[in-house]
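# Using only what follows, build the 3D model:
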Amino acid sequence: MAVTVKSVQVDLFWGPNCQMDADEAIYGEIKETLEKLRQLSEVDELFTTLIQCYWEFESERNKLRNFLHMFGAKEKQIETFRDMNIKLMSALTWSRCFFDIGSTYFRDQGFPKRHALKNNNFSFLLIEHIRNKSQHNMLPIHSVNYSSDPRKSPQEQNAPEYSFSKERIAHLPIQNNNSYEKTDRDQILARAEAEFDISSHLYAYIQTIRIEFIKFRKEMAEYRTTSCKRLRDILGSFYELNHDGVIILEDEESGSDLLLSKYEIEELEKAQKDLSMYLEYAMKFSPSA
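Numbers count the residues shown, from 1 in each chain. Below you'll find the predicted structure:
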């Protein structure tokens, strides 16, 4: 395979002489490294979106609670039911995307495995079961309840409580007689509670993902650092063409181009630090009861 390295300005100012040949192994190394680093950035973005969806759910929940605290408008039950389902379904959908795409890219690099996280973690098991059933059998939130606890103030009794019903879960069919799904359902039905508070279990679910994702990113941190350094070194080795921090590697056999830019390398490297801080503070405070 013939590989030609050119400055991005070759066609504008420098002419056809401002280029050189490169080892095809370099082309393959750059392509593979950039792909892996971009995949790391992609799962970072998926996680960030998941967290944002979670906080949108909590924000909507608190907004509705505050409204009903102030006005006691129980006739808005249908609207709150619909709004909360929209927010929750968004979070559950992004969770599935995060796990599916991440495990596809990094199956053998320690990416969190959804099924393993259910062990000894009821909140994770419950939310995953609800996520699965909401794709096939039901709306995740099917009713809005109000407290009748006499120990609570009238305002607290007017506040909506969103929960999953164990009775409803019991009556949903098992898809294709799936043994794993049946085992999960049996664990849910074995619990003493008749209703499962959504907010507390969703918070525990997101926290579990966050903690496991931090572990994964720490394991990949050295790879990200050394890979970015290696790309910078390769870019520097073509200093004659590296007039503005960018070179083009052209595979003459396939006609495809590969762009290596110091600006992208810097952004890929910066992402490790930026999200590390976000991961530290994103779930620092638990949602209000």
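
# Would you confirm that P173 contacts M138?
No - using C-beta atoms under 8 Å, P173 makes no contact with M138, being 10.4 Å away. Using the backbone N, CA and C atoms, a C-beta is placed for each residue, glycine as well.

# For T4, which three-state class applies?
strand (DSSP: H, G, I helix; E, B strand; the rest coil).

# I figured it was touching D21, is that so?
Yes - using C-beta under 8 Å, T4 and D21 qualify as a contacting pair, with a distance of 6.2 Å.

# got the contact list for M138?
Counting by C-beta atoms under 8 Å, 6 or more residues apart in numbering, M138 touches 168, 172.

# what pLDDT does it get?
Listed pLDDT for M138 reads 76.

# mind checking how far it is from E280?
36 Å (C-beta to C-beta, to the nearest Å).

# Beta-bridge partners for I247, please?
Beta-bridge pairing of I247 under DSSP bridges involves S7, L260.

# and it, how many neighbours does it have?
Other residues near I247 number 28, with proximity taken as other C-beta atoms under 10 Å.

# Can you give me every residue that contacts it?
5-8, 235, 238, 241, 259-260.

# ok, of these, which come out buried?
5-8, 235, 238, 241, 260 (16 or more other C-beta atoms under 10 Å).

# pLDDT and distance to F122 for the residues you listed - can I get that in TSV?
Output for these, formatted as TSV (pLDDT from 0 to 100; distance: C-beta to C-beta, whole Å):
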residue	pLDDT	distance to F122
V5	80	56
K6	80	58
S7	74	59
V8	67	55
L235	89	50
F238	83	56
L241	74	58
L260	90	48
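
# quick one: L40 and F216 touch, right?
No - L40 is beyond contact range of F216, at 9.7 Å (criterion: C-beta under 8 Å).

# Looking at these two, which one has more neighbours?
It is L40, of L40 and F216, that has more neighbours when counted by other C-beta under 10 Å, with 25 against 18.

# pLDDT score for the more buried one?
95.

# What strand or helix carries it?
helix 24-71 (DSSP states H and E).

# farthest pair in the buried ones among the contacts of I247?
Pairwise distances across these peak at 13.3 Å for K6 and L235 (criterion: C-beta to C-beta).

# Which secondary structure element of this protein has the lowest mean pLDDT?
Every helix and strand of the chain was ranked by mean pLDDT, DSSP states H and E. The lowest is helix 154-158, at a mean of 54.

# still on that earlier bit, neighbour count for T4 and D21, which is higher?
Shown here are T4 and D21; by other C-beta under 10 Å, T4 has more neighbours (16 against 10).

# Low-confidence bits of the stretch 101-250 of the chain, can you list those?
142-161, 242-243 (pLDDT under 70).

# in it, which spans are strands?
144-146, 160-165, 195-197, 246-251 (DSSP state E, counting those that start in this stretch).

# Neighbours of the residue lying closest to A170 once chain neighbours are set aside, how many?
Leaving aside its chain neighbours, A170 sits nearest to L189 (5.6 Å; criterion: C-beta to C-beta, 6 or more residues apart in numbering). Residues lying near L189 (other C-beta under 10 Å) number 11.

# Same question for K182.
12.

# Pull the contacting residues for it.
I174.

# and what of L40?
220, 224, 268, 271 are the contacts of L40 under C-beta under 8 Å, 6+ apart.

# ok, so of these, who is nearest E60?
Using C-beta to C-beta, the contacts of L40 come closest to E60 at A271, 28.9 Å.

# Can you give the distance of the one helix or strand the closest one maps to from its chain's centre?
Using DSSP H and E, A271 maps to helix 262-281. Taking C-alpha atoms, centre = their mean, to the nearest Å, one finds the center of helix 262-281 at 16 Å from the center of the full chain.

# still on that earlier bit, which among the contacts of L40 count as buried?
Buried among the contacts of L40 by 16+ other C-beta under 10 Å: 220, 224, 268, 271.
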